[in-house]
Each structure stands twice: as C-alpha cells, then as structure tokens.
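J.: have a look; sequence and predicted model below, questions after that.
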Amino acid sequence: MKPDLFTAPDYYQIDDLLSEEHKLVRNAARDWVKKDVSPIIEEYAQQAKFPKQIIGGLAEIGAFGPYIPQEYGGAGLDQISYGLIMQEIERGDSGVRSTASVQSSLVMYPIWKYGTEEQRKKFLPKLASGEFVGCFGLTEPNHGSNPGGMETKFKEEGDYYILNGAKLWISNAPFADIAIVWAKNEEGRIHGLIVERGMEGFSTPETHNKWSLRASATGELIFNNVKIPKENLLPNKSGLGAPLGCLDSARYGIAWGAIGAAMDCYDTALRYAKERIQFGKPIAAYQLQQKKLAEMITEITKAQLLAFRLGQLKNEGKATTAQISMAKRNNVDMALNIAREARQVLGAMGITGEYSIMRHMMNLESVITYEGTHDIHLLITGLDITGEQAFK
Ligand code: TGC
Ligand code: FAD
C-alpha cells in the first residue's frame with residue numbers, strides 16, 4: 001500500500017467551530033491512524049483478519065467509551081469529540097470504526113444506561129481499557145430490519161435465566177469477551193442480558209467469505225440452554241426501545257465515521273488526478289475529472305455541516321432518532337458515491353490494494369446496510385414528517 005499522505009479537506013473552515021479539546025482529540029486519533037492503522041490495514045483486509053494488536057491503541061485514543069464518564073474508565077468527552085474520533089478511525093477503515101462503535105455505543109452504552117452500579121463497575125473500566133471486547137446481538141437469521149420479531153428467548157429457572165436462540169451478523173462476535181444480547185422473556189418483553197464467553201452452551205462461529213468489512217470479525221451468537229446468572233440482566237430498560245436507544249448512539253457515530261471514509265477517497269483521488277498525466281496534461285485539468293472532484297468536496301462539506309450541527313443537538317440532549325437517521329443515511333450514501341467516483345479517477349490503479357478506495361467502497365456496502373438499512377432510515381424520516389409509518 002502507498003504511504004499515507006492524507007490531508008484532511010476543510011472547505012468551509014469547520015475547524016474554526018471546534019474547541020481546542022476537539023482538535024486535540026481529533027489530531028491524536030488522526031496521528032494514531034496514520035501510524036498504526038494505515039500501514040497494516042490493507043494486508044489484514046486482504047487476509048480477512050481483524051488486527052487485534054490495535055485494540056490497545058483504540059483504547060488510548062479514547063475510542064472505547066469517548067462519552068462515558070471518567071469514573072467508569074471512559075474519556076468523559078462530548079458528542080462532537082466522539083464523532084471526530086469515529087471520523088478519523090473510519091478514515092483508516094470502516095471495520096476498525098465498527099469495533100469502536102460496537103464497544104462504545106452498543107456495549108458500554110447499554111451497561112452505563114440500563115445496567116446496575118455493580119455491572120457498570122465490573123465491566124465498563126475493562127471495556128474502556130480494551131482488556132475486554134464486547135459485541136451486540138440484535139439481528140437474527142429471520143429478523144434483520146424487524147428486530148421486534150426476534151425469536152431468541154429466556155426463561156427463569158431458580159437463580160438463573162435459561163437462554164436459547166441465535167444471532168447473526170454480529171461484529172466482534174468471534175473474539176468478544178462479552179455479548180449484550182437482546183431476547184424475549186416468557187411474556188414476550190425484550191430485555192438485554194450480558195452473556196460471557198465460557199458460559200456453557202454459548203458459541204460464536206465466525207462468518208467467512210465477506211467481500212466487505214474484511215478487517216472486522218463478524219460471527220454468530222448461538223445459545224443452547226445457556227445459564228445466565230440473574231445479576232447479568234440489564235434491569236433499567238426493557239422493550240424494543242432499549243436496543244433502539246443504543247442504535248441512536250452508534251448511528252450518530254457512523255454519520256461522522258462515513259465522512260472519514262469519504263475524505264480519504266477524495267484526498268486520494270485529488271492527489272492522483274494532479275499527478276497522473278494523460279494526453280500531455282494532468283487528468284485534474286480535464287473538466288470531467290474536475291466535475292467529479294468538485295462534487296465530492298461539495299458533498300463532503302454538506303455532510304460535515306450536518307454532522308457538526310447534529311453533534312451540537314446531541315450535546316444539548318435534543319437530537320431526535322429521526323435527525324440521526326437522516327445524517328446516517330445521507331452521510332453513508334454520500335461516502336459510498338464518493339468512493340465509486342474516486343475509484344474511477346484512479347482508473348485501473350483504483351481497483352488495487354495500493355490505494356484505500358476500493359476497500360472503503362466495499363466496506364461502505366456494509367455500512368449502508370447495518371445499523372438500519374438505507375431504506376429503513378428513509379422510512380424513519382417518512383414517518384417523522386408525515387406521521388404515517390410505512391414499515392408494516
Ligand atoms: P416501533 O414500534 O417504532 O418502536 C418500538 C418501541 O421502541 C421505541 N423507539 C425507540 N426508543 C428509543 N430510541 C429509538 N431510536 C427508538 N425508536 C423507537 C418506540 O417508541 C416504541 O416504544 P413503545 O414504548 O411504544 O414500545 O418499532 P418497529 O417494530 O415498528 O420498528 C421500527 C424500526 C423499523 C425503525 C426499527 O425496528 C429499526 O430501526 N430497524 C432497523 C434495525 C437495525 O438498525 N438493526 C441494527 C442492528 S445492530 C447493527 O447493525 C450493528 S452494526 C455495528 C457496527 O459494526 O458498527
Ligand atoms: P433485511 O431486513 O432482510 O432487508 C433486506 C432488504 O429489504 C433491505 O434492502 C431492506 O432495506 C429491505 N426492507 C426490509 N424491510 C423493509 C420495509 N419495511 N420496507 C421496505 N424495504 C424493507 N447486527 C447486530 O445486531 N449486531 C452487529 O454487530 C451487526 N454487525 C453487522 C456487521 C455486518 C458486516 C453486517 C453486514 C451486518 C451487521 N449486523 C449486525 C446486521 C445488520 O444490522 C442487518 O444486516 C440490517 O439491520 C438489515 O437486516 P437484514 O440483513 O436481515 O436485511
């Protein structure tokens with residue numbers, strides 16, 4: 001892979017809107033990605049392996065629980081810092097950002113928000129430091145966009161719950177130490193349970209042959225009469241709103257993360273277009289290439305402003321689910337379109353692992369599907385503006 005020469009585009013001087021702390025946090029993440037992710041990520045993606053050695057670095061830059069209070073080991077940062085960290089990590093690779101998103105928003109967040117004080121103290125510091133890695137099991141073989149239909153269930157038996165069922169497409173599953181698993185009780189009410197590796201009847205087979213997010217490990221969670229101690233139930237919220245609340249936080253991070261992937265594709269294409277000579281001139285001098293590049297920077301700038309304003313709303317506790325859906329949907333779609341256009345600017349070189357663009361493009365095919373598909377987010381906006389739900 002070529003050396004990482006990334007220069008971040010900031011066409012509307014959005015840096016001026018950031019605090020000194022935001023810039024410090026962002027620059028630390030940016031430097032770490034250049035040093036520890038860019039040099040190795042292509043090889044790991046080609047081999048479809050997760051680079052476990054980066055877990056310590058992710059913890060050091062505050063990517064595990066950026067907004068979780070420091071008393072639980074989190075970084076205690078605001079939502080814009082969280083977004084900036086996700087942006088920088090996804091600039092390196094969406095799969096690496098996935099690991100951070102899942103750990104922060106889908107594992108630490110529910111323990112922090114829905115767990116007991118004992119659960120917080122037991123799990124959050126270890127998750128923040130990377131000693132533990134977690135995963136989040138909502139999707140099932142028969143229930144993806146419609147998680148409310150889930151079949152995984154648990155029942156009481158003495159001091160334990162007995163858990164049965166299966167989850168599919170679970171990021172980090174093959175090596176996770178704990179899983180936050182959403183399952184229905186005997187009354188059909190959804191609850192979150194902390195399932196720990198080593199519990200009898202719990203297995204996590206890896207899903208192979210992915211063309212996307214190859215540097216992220218994806219797997220199944222299989223529960224065959226798993227005995228879960230009662231103290232592992234998250235008691236403070238139940239119903240589908242509990243997992244959906246976690247998704248709000250992760251989707252917000254993805255809205256920022258996708259900008260990182262888009263910035264990397266744009267920056268690579270711009271540099272290549274200035275250097276590549278055809279018909280006696282750099283291809284950047286031709287109108288068709290300028291159209292591609294000009295549209296890319298326009299779309300990135302719009303996405304940056306959307307994410308920044310959403311971050312302000314989130315800091316004030318005012319961001320709605322529908323606002324988050326709009327930003328996730330728009331920014332991921334924007335990044336995927338930019339990856340496709342940027343790939344063409346590089347001609348044949350664009351399909352190789354010498355450059356990051358094709359990897360970003362393939363990764364973004366997952367990002368546009370997970371955490372709510374492109375269609376589902378449109379339907380969330382549709383419901384919000386019309387008052388009519390068109391899911392069912
Ligand atoms: P609906 O009837 O709308 O809602 C059920 C209950 O939940 C409440 N609610 C929310 N609460 C908190 N936050 C939210 N965002 C909420 N959205 C809804 C709602 O008020 C209701 O409460 P109550 O008290 O009335 O019961 O539910 P629905 O069954 O009609 O479904 C709505 C829909 C389709 C939008 C929802 O199911 C959905 O978002 N589906 C998409 C599924 C999804 O996003 N799955 C993601 C799995 S995790 C993942 O992909 C991780 S990838 C990670 C990575 O690697 O980065
Ligand atoms: P389906 O729901 O079957 O959808 C298929 C198609 O139908 C889509 O185009 C969809 O938009 C469309 N569709 C569905 N319903 C409607 C409707 N009502 N109206 C119109 N169109 C509709 N899940 C987890 O729980 N944890 C994880 O860590 C996790 N990580 C993932 C990692 C990867 C790499 C991938 C690819 C997925 C991951 N997922 C995870 C699962 C992800 O959230 C689901 O794939 C996603 O929610 C969509 O579900 P599905 O794939 O079953 O598609």
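T.: That came in fine, so what should we check first? Ligands and ions are numbered 1, 2, ... in the order given.
J.: where does the stretch 151-300 of the chain come near ligand 1, residue by residue?
T.: 171, 239, 240, 241, 244, 245, 247, 248, 250 (CB under 6 Å from any ligand atom). Just so you know, the C-beta spots here come from the backbone N, C-alpha and C atoms, and that holds for glycine as well.
J.: of all those, which two lie farthest apart?
T.: Maximum pairwise distance among those (CB to CB): 23.5 Å, between 171 and 239.
J.: who has more neighbours out of the two?
T.: Set side by side, residue 171 and residue 239 show more neighbours around residue 171, with 23 against 12, by other CB atoms under 10 Å.
J.: and the pLDDT at that one?
T.: The score at residue 171 is 98. That number is its pLDDT.
J.: thought it was touching residue 135?
T.: Yes. Judged on CB atoms under 8 Å, residue 171 makes contact with residue 135 at a distance of 6.2 Å.
J.: so the longest helix belonging to the chain, near ligand 2 or not?
T.: Taking DSSP state H as the criterion, the chain has its longest helix at helix 241-275. No. Contact of helix 241-275 with ligand 2 (CB under 6 Å from any ligand atom) is absent, the minimum separation being 8.1 Å.
J.: in that helix, what counts as buried?
T.: Within helix 241-275, the residues that count as buried by 16 or more other CB atoms under 10 Å are 242-273.
J.: now stretch 117-128
T.: Buried-residue list, stretch 117-128, by 16+ other CB under 10 Å: 119, 120, 122, 123, 124, 125, 126, 127, 128.
J.: returning to what we had before: next helix or strand past the longest helix of the chain?
T.: strand 277-278 (DSSP states H and E).
J.: could you point out the helix or strand that follows that following strand?
T.: strand 281-282.
J.: helices or strands next to that next one in the packing?
T.: Judged by 3 or more CB pairs under 8 Å, 6 or more residues apart in numbering; DSSP states H and E, strand 281-282 is in contact with helix 241-275.
J.: from the middle of its chain, how far away would the helix it packs on be?
T.: Relative to its parent chain, helix 241-275 has a centroid offset of 9 Å by CA atoms, centre = their mean, to the nearest Å.
J.: is any residue of stretch 75-88 near ligand 1?
T.: No. Figure legend: stretch 75-88 not in contact with ligand 1 (CB under 6 Å from any ligand atom); closest approach 9.6 Å.
J.: can you list the residues that contact that stretch?
T.: 18, 21-22, 25-26, 29-30, 32-33, 61-63, 65-70, 97, 100-101, 104, 128, 252-257, 259-260, 263, 307-308, 311-312, 314-315 (CB atoms under 8 Å, 6 or more residues apart in numbering).
J.: which among the residues you listed end up buried?
T.: For the contacts of stretch 75-88, buried by 16+ other CB under 10 Å: 18, 22, 25-26, 29-30, 32-33, 61-63, 65-68, 97, 100-101, 104, 128, 252-257, 259-260, 263, 307-308, 311, 314.
J.: so where is the stretch 201-350 of the chain shaky, pLDDT-wise?
T.: Regions of the stretch 201-350 of the chain meeting the criterion pLDDT under 70 are absent.
J.: for ligand 2, what's its nearest residue on the stretch 51-200 of the chain.
T.: residue 144 (1.8 Å; CB to the nearest ligand atom).
J.: returning to what we had before: what do residue 171 and residue 135 both touch?
T.: residue 102.
J.: re earlier: burial count for the residue of the stretch 51-200 of the chain closest to ligand 2?
T.: Quick note: residue 144 (other CB under 10 Å) scores 17 neighbours.
J.: any idea how far residue 341 is from it?
T.: 29 Å (CB to CB, to the nearest Å).
J.: list the contacts of residue 67.
T.: 74, 75, 76, 77, 78, 79, 81, 82, 104.
J.: could you look up the SS state of the second one?
T.: Assigned state for residue 75: coil (three-state reduction, DSSP: H, G, I helix; E, B strand; the rest coil).
J.: phi first, then psi, for it.
T.: Here is the backbone geometry of residue 75 (degrees, to the nearest 10): phi -90, psi -10.
J.: again with the third one
T.: Recorded main-chain torsions at residue 76 are phi 60, psi 30, according to degrees, to the nearest 10.
J.: for residue 191, which residues count as its bridge partners?
T.: Residue 191 forms beta bridges with residue 183, as assigned by DSSP bridges.
J.: so it sits right up against residue 185, yeah?
T.: Yes. Between residue 191 and residue 185 a contact is recorded at 5.9 Å, counting by CB under 8 Å.
J.: between those two, which contacts overlap?
T.: residue 154.
J.: who's more crowded, these two?
T.: More crowded of residue 191 and residue 185, by other CB under 10 Å: residue 191, with 20 against 16.
J.: just the pLDDT for that one.
T.: Reported pLDDT for residue 191: 98.
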